[in-house]
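# Generate a structure from the sequence data that follows.
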Amino acid sequence: MKKKACKSCKFLYAGEECPNCKSSQFVLNWKGRFYVLDPVKSDIAKKVGIKQAGEYAIKVV
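Numbering: from 1, shown residues only. As a prediction, the model looks like this:
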């Protein structure tokens with residue numbers, strides 16, 4: 001099953017609501033993904049504004 005991407009924070013998940021921001025708005029069409037292991041040390045996470053480790057979509061279509 002393809003993961004859902006949250007429209008608000010782009011977090012990838014499989015449940016009914018985003019575990020990151022608790023939003024229920026999602027898309028099934030997204031492109032690319034990146035993983036944030038440590039948001040405190042990650043320059044990309046800082047630039048994008050990510051504060052929680054996890055898997056994120058690069059582009060939500």
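
# which residue is nearest the centroid of the protein?
The centre of the chain sits closest to residue 11, judged by C-alpha atoms, centre = their mean, with a distance of 1.6 Å.

# give the contact list for that residue.
5, 18-21, 52, 54-57 (C-beta atoms under 8 Å, 6 or more residues apart in numbering). Glycine gets a C-beta too; all of them are placed from N, C-alpha and C.

# what sits up against stretch 12-32?
With contact meaning C-beta under 8 Å, 6+ apart, stretch 12-32 is reached by 1-11, 33, 52, 54-61.

# Inside strands: which ones of those residues?
Those of the contacts of stretch 12-32 mapping onto strands are 4-6, 33, 54-60, per DSSP state E.

# biggest separation within these, which pair?
Pairwise distances across these (C-beta to C-beta) peak at 16.8 Å, for the pair 54 and 59.

# out of those two, which sits in the more crowded spot?
residue 54 (16 against 11; other C-beta atoms under 10 Å).
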